[in-house]
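**Student:** got a sequence here, can you build the structure:
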Amino acid sequence: MSQVSIKRTDRKKALRRQSLVDSAKQLFSEKGYAGTTIDDIVAHADVAKVTFYYYFKSKEEVTLEIRRQCLEESVAYIEDQRKKNLSAVQMIDAFVNDVSLWTENNWRLLDVFCEQRLAPLMKPEQKADEKVEPMIMCLEAILRRGQETKVFRMDFDTLQVARLLDLTIMCEQNKWIRSGRKSGTLLGELKKSFELFLHGIKL
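**Tutor:** Numbers count the residues shown, from 1 in each chain. The predicted model follows:
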């Protein structure tokens with residue numbers, strides 16, 4: 001088989017795999033994780049069930065791929081924010097707005113991410129995922145920028161504060177879902193919470 005044919009085959013495989021990921025992501029957003037089956041995913045992607053198992057062992061493995069892609073998107077997001085030459089405070093403001101908008105459009109996906117993140121805590125025998133979460137990675141990058149530009153104090157651990165902010169976001173997201181998902185209210189609550197944190201770390 002020629003190199004051109006191999007590349008074409010690899011490209012088709014990558015596209016087919018991504019179509020399964022995209023279908024799962026859309027269905028999780030519409031029906032929730034528990035309400036989506038592998039049969040739903042393959043029907044939406046218009047492939048045979050055997051094709052699904054060629055690329056993924058389970059529905060959970062698809063969600064891990066969604067999460068991995070979210071991490072890549074987060075890296076690109078932070079790089080884009082840096083290129084705009086925004087201050088740390090401006091980056092936080094943009095980040096809070098973007099998180100609120102994403103949550104309003106994809107709130108059902110929160111179930112997927114929260115379940116994966118909390119499972120190791122609920123089952124101590126399982127080894128926790130040591131990779132930094134996309135949200136925490138973005139927050140820490142912003143906090144470091146604030147320290148580098150002497151906007152934020154230097155006497156706090158950026159990773160620790162990023163984890164606290166991430167927990168705050170999750171709590172506010174879940175509170176927003178339980179309270180009826182009124183548009184705009186999550187943004188207001190997140191801004192209040194972040195302002196309290198910023199008051200404590202600003203110079």
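
**Student:** beyond the longest helix belonging to the chain, next helix or strand please.
**Tutor:** Criterion DSSP state H: the longest helix present in the chain is helix 3-31. Downstream of helix 3-31, the first helix or strand assigned by DSSP states H and E is helix 38-45.

**Student:** going by neighbour count, list what's buried in that following helix.
**Tutor:** Within helix 38-45, the residues scored as buried using 16 or more other C-beta atoms under 10 Å are Ile38, Asp40, Ile41, Val42, His44, Ala45. All C-beta atoms are positioned from the backbone trio N, CA, C, and that covers glycine.

**Student:** repeat that for stretch 92-102.
**Tutor:** Result for stretch 92-102 [16+ other C-beta under 10 Å]: buried residues Ile92, Ala94, Phe95, Val96, Val99, Ser100.

**Student:** domains of this structure?
**Tutor:** Domain segmentation of the chain under automatic domain parsing yields 1-56, 59-201.

**Student:** pLDDT averaged over the shortest one - what is it?
**Tutor:** When you say that, I think you mean domain 1-56. Averaged across domain 1-56, the pLDDT comes to 87.

**Student:** from the chain's centre, how far out does that domain sit?
**Tutor:** Relative to its chain's centre, domain 1-56 lies at 20 Å (C-alpha atoms, centre = their mean, to the nearest Å).

**Student:** swap in the longest one?
**Tutor:** Taking C-alpha atoms, centre = their mean, one finds domain 59-201 lying 8 Å from the centre of the chain it belongs to.

**Student:** and it, end to end?
**Tutor:** Domain 59-201 has an end-to-end distance of 41 Å (C-alpha to C-alpha, to the nearest Å).

**Student:** name the nearest residue to the residue sitting nearest the centre point of the chain, sequence neighbours excluded.
**Tutor:** Centroid-nearest residue in the chain: Cys70, 4.9 Å away (criterion: C-alpha atoms, centre = their mean). Counting by C-beta to C-beta, 6 or more residues apart in numbering, Pro134 is the residue found nearest to Cys70 once chain neighbours are left out, at 4.8 Å.

**Student:** can you name the residues that contact that neighbour?
**Tutor:** Contacts for Pro134 (C-beta atoms under 8 Å, 6 or more residues apart in numbering) come out as Arg67, Cys70, Leu71, Glu73, Ser74.

**Student:** return the subset of these lying in helices.
**Tutor:** Arg67, Cys70, Leu71, Glu73, Ser74.

**Student:** can you tell me which of those residues is nearest Leu86?
**Tutor:** The nearest member of these to Leu86, counting by C-beta to C-beta, is Ser74 at 16.1 Å.

**Student:** pretty sure that closest one contacts Leu139?
**Tutor:** No. Between Ser74 and Leu139 there is no contact under C-beta atoms under 8 Å: 9.9 Å.
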